[in-house]
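In: Dropping a prediction and its sequence here:
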Amino acid sequence: MPKIVIAEDDQMISASLEAGFTQAGFEVALGGDGEEALLKIRESKPDVVLLDIMMPKLDGIGVVWELKADDELSKIPVVMLTNLSDPATVSKILEAGVTDYLLKSEQSIDEIVSKVTEVMNRG
Amino acid sequence: MTVLILLLVDFALLSIVLAFYLRRMYKERQALMGKADKSYELQQQMYQVEVLQEINERIGYSLEGNKVIEIITNSLGNLLEYETVSFMLYNKTETVVFKCHVHQSVNHRFISQVKEHMLRATETVCGGLDSNIKLDERIGGALLQDHLDIDVKSYVNIPVVIGNELLGLINLSSSKPDLFDHNQASVLFNITNQAAVAVGQLQTMLESEKGKLTGIIAAMTDGVLMVDLENKLEIYNPAVVDLLSLPVGRTITMFDILDSLAGKVDLRTKIEQALAKGAPVEVKEVLLHDKAMEITITPVRDHAGSQRGVAVILHDVTSEKSLEKLRQEFTAMMVHELRAPLTAVRWSAESLLKHLSDAKAQLESASVKDSVSNIDIAATNMLELVNDLLDVAKIEAGKFDLNIQEYDLSEIISEEVNTFKAQAESKHLSLNFITPGPIKVKCDKVRIGQVISNLLSNAIKYTDSGQVDIHLSVDSVTNQVVVAVKDSGLGVSREDLAVLFSKFKQLKTFDRTQKGTGLGLVVSRGIVEAHHGRIWAESAGENLGSTFSFSLPLN
C-alpha cells in the first residue's frame, strides 16, 4: 500500500484530499502545518509527499528545503499543491526542487490522485 | 563733438544689445511659468544662466572688471588727442595690471611718467600700496621710439568703480599741455561711471538669477544635475548627494556621479544617446543602496536650438515601489483566499456526484451530508470575504454610505451580546455587558452592530478561558461615548498592534484555522472613522488579554 503525507492547513481541503487518496488505496498521514508535516514525513517515510504552500509555522517551500537537505528524504518525490499562481512563487517552487506542482482550483480530486500516483511511479 | 557722439552711439549700441538679451530672458521666464513639465522648466532656467554668461562671448566682453576697463578705454579711443591711454587694474592677488595703449608714438620715459602718475593716484585712493606689489606690465600699440623727446604735459586719471569696489584707474596722457580741462575730465568721468553702473547692475542681475536658479534646484526633492558637452558637471543640488549617497562636505565632480552609478547605469552612454536622439532618455528602476529611482536625461538647448549639454533628473520612487509591492501581495493573498473555498466547493460537489452515481447511494448518508455542508460553509466564507473586500474598497474610495439615525447604543450592544451568548457558553467563557443605561447616539445601526459583532467575535475566538467584558461609557469631557471589549485571551504583540487595523497585515501570521476573513478590523475601522470616531487596541502582551475600543462623537 503506497504511503502519502499530505500537508494542508485548511480542514475542508484536507478532509477531501484524505478521502480521495484513501479511496484510491493510499495510506494517508496528515500534517496541519509545515512542522507537523515534516514530523510525519520523518516518521513514516512516505512514497510521495503532497504539500500546500501557505501553512503556518513552516510553509511548503520551507518543508521542501528541509527535505532536500536530508540525504534520505531528498529522494522522496514532492508535489506542490497550491492556489498561488504568481510568477514569483512559481519560480520559488521550482528553485526549491519540487518534482511537480498543481493548482488546487484547477484540478479535481481524481486528477490530483492520478497525477500524484504518476509522479510516485516515475520514481 | 562728433567723436563724443560716436562714443555715445557706441555706448548706446552696447545698451541696446544688453537690453535685447535681458528682454529675451524675461520673455522666456514668463513663457516657462505656464509650463507644467518640470524638466522643460529646468532646461529653460539653466539655459537662461547660460545666456547671461554667454553675453560675454557674443559681444566680446565679460563682466570682469578688467575687460570693462579695456572696453571703456577702447571707446575713449577717438575722443581726444592723447598719446597714450592706459589702465591700471587692482587684482585680488598681489599683482597690479598695467596696460598701456600707445596711440601715437612716445618714448620709454613717457611711459614711465604715466606709470608714475597712476601709481601715485592709486596710493592716494587706496591709502598706500603694498611695497611687495608686483606690476604686470603690458604695452601695446605704436612702437616706442626713444629718439623722441617728449614728456607728459597733461593727463587725467579716472577711477573705475563697479558696485562698491574700486577696480582700477584709467589714464589719458598727452604731450600737449592743458589738454584736459575740468569739463572734459567731467565728461570722461561721467561716461566711465555710467558704463560702470550699467555693468554693476548687470552683474547684480546675473548673481540674482544664478541665485534664484540655484535656490530653485536646491529646493527640489528630485536630484538635478547639469552636464555640459564636455561631460563636465556644471550644476547639482543636495538631493543628488543624498540619492546617490555621495560624500558630503566637498564639491562633487562628474567622476563621483559616474562612480556611484557604475555597474547600474552607464551614464556617459545614456547622455550620448540623449544628445544623439535630441530627446529625453529614461532609465526606469535604478536600484542603488536602499533606494529606487527613475533617471531622466534631457538635452538642454539654447534659443538657436543647438545643444549645450544635458540635464539629468533623479526621481526617487522608493516609497511608490514598496506600496506597489504591498498592494500586489495583498491582491495575491485575497485571490488565494477566494480560491480555497472555491476548491472546497468543487471537490465537495465532485464527491457528491460520485456518491450519488453509485446505485447503492443513500441521500442521508454522512458523507453526503458532509459534502453538502462543506459547500454551504465554503460558499458562506466566500460571500463574507467578498463583502468585506467590497466594504474595504468603498472605504478606501471614500464612498462608504451610512444610514444615520438616532438609536440607543446600549440596546444595539445588548442585541449583539445575545447572539454571541451561545458561542461563549460553548467555550465556557463568561460574557458580560456593563452599561450605565440607555444612551442615544446618532449612528448607522447595522454598521455599528457590525463593528461590535466583529470585536466580540474576535474576543471570543482568541480567548480559551476566562471572560469577555463589553463596557459602554460616556466621556462628558470630550463628549464621546466609548465601547470597550476586554478579553482574557491571547493578547496582541507590540508589532502586531501596529498593523492590526491595516489591510497590509503581516501575511505570515495569517491564521486560517480560525474562521473569518482577516479583514474584519479593517472594515470596522472604516466604519468607525466614517462616523468620525476612533478605534484602537491595547494589550499587555502575548497571553495577557487585550482590549479593543472605539469611540463615537455624541451630539
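Out: Looks like it came in fine.
In: Alpha carbons only: can I get the strand or helix carrying residue B:450 in CSV?
Out: Using DSSP states H and E, residue B:450 maps to helix B:445-461. Coordinates of each C-alpha in helix B:445-461 appear next as CSV, following Å, rounded to 0.1, in the frame of the first residue of the first chain:
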residue,chain,number,x,y,z
LYS,B,445,-27.4,50.8,13.4
VAL,B,446,-26.4,48.0,11.0
ARG,B,447,-22.8,49.1,10.6
ILE,B,448,-22.1,49.8,14.3
GLY,B,449,-23.7,46.5,15.0
GLN,B,450,-21.2,45.0,12.6
VAL,B,451,-18.3,46.6,14.4
ILE,B,452,-19.5,45.3,17.8
SER,B,453,-20.1,41.9,16.3
ASN,B,454,-16.6,41.9,14.9
LEU,B,455,-15.0,42.8,18.2
LEU,B,456,-17.0,40.3,20.2
SER,B,457,-16.3,37.6,17.7
ASN,B,458,-12.6,38.2,17.8
ALA,B,459,-12.6,38.4,21.6
ILE,B,460,-14.3,35.0,21.9
LYS,B,461,-12.3,33.4,19.1
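In: Just the CA atoms of the helix or strand just after it, as PDB, please.
Out: The helix or strand immediately downstream of helix B:445-461 is strand B:466-475, counting by DSSP H and E. Provided in PDB are the C-alpha atoms of strand B:466-475 (Å, rounded to 0.1, in the frame of the first residue of the first chain):
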ATOM      1  CA  GLY B 466     -11.900  33.400  31.300                       C
ATOM      2  CA  GLN B 467     -14.200  36.100  30.300                       C
ATOM      3  CA  VAL B 468     -15.100  38.700  27.700                       C
ATOM      4  CA  ASP B 469     -16.500  42.000  29.000                       C
ATOM      5  CA  ILE B 470     -18.000  44.800  27.000                       C
ATOM      6  CA  HIS B 471     -18.100  48.200  28.600                       C
ATOM      7  CA  LEU B 472     -20.200  51.200  27.500                       C
ATOM      8  CA  SER B 473     -19.300  54.500  29.000                       C
ATOM      9  CA  VAL B 474     -19.700  58.200  28.400                       C
ATOM     10  CA  ASP B 475     -16.900  60.700  28.400                       C
END
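In: Next, the buried residues of strand B:466-475.
Out: Neighbour-count burial for strand B:466-475, counted by 16 or more other CB atoms under 10 Å in any protein chain shown, picks out B:467, B:468, B:469, B:470, B:471, B:472, B:474. Any C-beta I mention is one placed from the backbone N, CA and C, and that applies to glycine too.
In: Quick check: can you name the pairing partners of it and their directions?
Out: strand B:429-434 (parallel), strand B:480-487 (antiparallel) (DSSP bridges).
In: Would you map the strands across chain A?
Out: A:3-7, A:27-31, A:48-52, A:78-82, A:100-103 (DSSP state E).
In: Now do the helix holding residue B:450, average pLDDT.
Out: Summarised as a single mean, pLDDT over helix B:445-461 is 92.
In: before we move on, what about stretch B:481-493?
Out: On average, stretch B:481-493 scores 90.
In: Can you pull out the low-pLDDT segments for chain A?
Out: Applying pLDDT under 70 to chain A flags the ranges A:84-86, A:123.
In: Which single residue in the stretch 101-250 of chain B comes nearest to chain A?
Out: Closest to chain A within the stretch 101-250 of chain B is residue B:243: 27.3 Å, counting by CB to the nearest CB.
In: Now do the contacts for that residue.
Out: B:223, B:288, B:291, B:293, B:314, B:316 (CB atoms under 8 Å, 6 or more residues apart in numbering or on different chains).
In: give me the number of residues near the last one?
Out: A count of nearby residues for residue B:316, using other CB atoms under 10 Å in any protein chain shown, gives 17.
In: Nearest the geometric middle of the chain, what residue?
Out: You didn't say which chain, so I picked chain A. For chain A, residue A:50 is the residue whose C-alpha lies nearest the centre (CA atoms, centre = their mean; 1.4 Å).
In: nope, chain B please
Out: Closest to where the C-alpha atoms of chain B average out (CA atoms, centre = their mean) is residue B:221, at 1.7 Å.
In: ok, and the closest non-adjacent residue to that residue?
Out: residue B:239 (5.9 Å; CB to CB, 6 or more residues apart in numbering or on different chains).
In: tell me the contacts of the one you found?
Out: Residues near residue B:239 by CB under 8 Å, 6+ apart: B:220, B:221, B:222, B:223, B:224, B:314.
In: tell me the SS of the fifth one?
Out: Per DSSP: H, G, I helix; E, B strand; the rest coil, the local secondary structure of residue B:224 is strand.
In: That one pairs with what?
Out: residue B:313.
In: residues near it, how many?
Out: 23.
In: Hmm, it is touching residue B:313, no?
Out: Yes. Residue B:224 lies in contact with residue B:313 (CB atoms under 8 Å); the separation is 5.7 Å.
In: Now residue A:72. Nearest residue, chain neighbours left out?
Out: residue A:45 (7.6 Å).
In: Apologies, that question was intended for residue B:503.
Out: residue B:522 (4.7 Å).
In: And residue A:115, by the same measure?
Out: residue A:102 (6.2 Å).
In: Count the residues that sit near the one you found.
Out: 17.
In: if I look at it, how far off is residue B:345?
Out: 18 Å (CB to CB, to the nearest Å).
In: now do residue B:283
Out: Counting by CB to CB, the gap from residue B:283 to residue B:345 is 48 Å.
In: Look at the two and report which has more neighbours.
Out: residue B:345 (21 against 18).
In: wait, the more buried one sits on residue B:378?
Out: Yes. With contact defined as CB under 8 Å, residue B:345 and residue B:378 form a contacting pair (4.7 Å).
In: before we move on, the earlier item: comparing the strands of chain A, which comes out most buried?
Out: Greatest average neighbour count among the strands of chain A goes to strand A:48-52 (a mean of 27), per mean count of other CB atoms under 10 Å in any protein chain shown.
In: Can you give the distance from that one to the centre of its chain?
Out: Distance of strand A:48-52 from the chain centroid (CA atoms, centre = their mean, to the nearest Å) equals 1 Å.
In: quick one: contacts for residue B:386?
Out: residue B:338.
In: Report the secondary structure element holding it.
Out: Here residue B:386 is assigned to helix B:366-397, by DSSP H and E.
In: buried set for stretch B:375-395?
Out: Result for stretch B:375-395 [16+ other CB under 10 Å]: buried residues B:375, B:377, B:378, B:381, B:382, B:384, B:385, B:388, B:389, B:391, B:392, B:395.
In: Chain B contacts on chain A?
Out: A:9-13, A:15-16, A:19-20, A:32, A:54, A:56, A:83-84, A:86, A:89, A:104-105, A:108-110 (CB under 8 Å from any CB of the partner chain).
In: Narrow the residues you listed to just the buried residues.
Out: If we count by 16+ other CB under 10 Å, the residues of chain A next to chain B have these buried: A:9-10, A:12-13, A:15-16, A:19-20, A:32, A:54, A:56, A:83-84, A:89, A:104-105, A:108-109.
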